[in-house]
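> Okay, predicted coordinates and the sequence, questions at the end:
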Amino acid sequence: MLSMHGASVGYGNAPAVLREISLTVRPGRVLALTGSSGAGKTTLINAMAGLLRPRDGTVTVDGQPLRDRDHAVEQRIVLIPQDNGLAPILTAAENLQVALVADGVTPPGARRQTAAMLDLLGLAGQADQLVEELSGGQQQRTAVARGLALRGSVLLADEVTSELDAGNRQRVLELLHGEARRGAAVVFATHDPEVAAACEAELHLVEGRAEIIRD
Ligand SMILES: Nc1ncnc2c1ncn2[C@@H]1O[C@H](COP(=O)(O)OP(=O)(O)OP(=O)(O)O)[C@@H](O)[C@H]1O
């Protein structure tokens, strides 16, 4: 269980972007994180991913303070970042295989799981293409495929449908809900009100504070 208690998060000496944030990310649910551009969605996701340490308050995972990104990875907190985080000079398939092997999957197992996951995202034909040669939406789906393949206990998805057409957006949304049904706690930052409305819970960021819209 990932929780924040009274957390303030910011960069350098600038005033905090987020103040007194308290939330719990529950297994089995998709929490939509909404707010206008610059409201702090990525900042909040990065704090939950262990990439940013709160100035005040705490981020805890199963009751233990989250130390850093390595600790988050150990706790199976998977991040699909806004800029996709893929290695551009590897193929789509290699990006998944490298992540799976690093996670302890055998190479043949990683190849099988990669093929199945890329197929699920409609990318079977792009498996052997370099990421830098894929379209923005194909890269975004590759990043989603990699994030899903890692089967996290917490899945943090930062604006992962922004470049997708309606059909693929729906497909990714269904897959994120599928992760929740598997038992993961899913957090999904989005600008899209329709996408947010399809999530069980919603947290809206405004002026550095978090308002619970649905819980
Ligand atoms: N690395 C950084 N250094 C300093 N300030 C930053 C950094 N990253 C973000 N910020 C600032 O933090 C605030 C929140 O940014 P953030 O990216 O979290 O918003 P967001 O809600 O994810 O926006 P968007 O929807 O446009 O992606 C902004 O004012 C931004 O300028």
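Good, I have the coordinates.
> Check the offset of the longest helix belonging to the chain from the chain's centre.
The residue-count maximum for a helix in the chain (DSSP state H) belongs to helix 166-182. Its chain's C-alpha centre and that of helix 166-182 lie 13 Å apart, by Cα atoms, centre = their mean, to the nearest Å.
> Kindly report the same for stretch 54-63.
On Cα atoms, centre = their mean, the centre of stretch 54-63 falls 18 Å from the chain's centre.
> Quick one: residues in contact with it.
By Cβ atoms under 8 Å, 6 or more residues apart in numbering, the surrounding residues in contact with stretch 54-63 are 1-10, 16, 20-22, 47-48, 50, 65-66, 71-72, 75, 77, 154. Where C-beta positions appear, they are placed from N, C-alpha and C, glycine not excepted.
> just stretch 38-50 next, same as before
Residues outside stretch 38-50 that contact it (Cβ under 8 Å, 6+ apart): 2, 4, 7, 9-11, 17-18, 21, 25, 33-35, 52-54, 59, 66-73, 77, 79, 82, 154, 156, 158-159, 187, 189, 205-206, 208, 210.
> Would you check which of those residues are in contact with the ligand?
Among the contacts of stretch 38-50, proximity to the ligand is found for 11, 17, 35, 82 (Cβ under 6 Å from any ligand atom).
> and the two most separated of the residues you listed?
Greatest spatial distance in those: 11 and 35, 17.0 Å, computed using Cβ to Cβ.
> Understood, closing this out.
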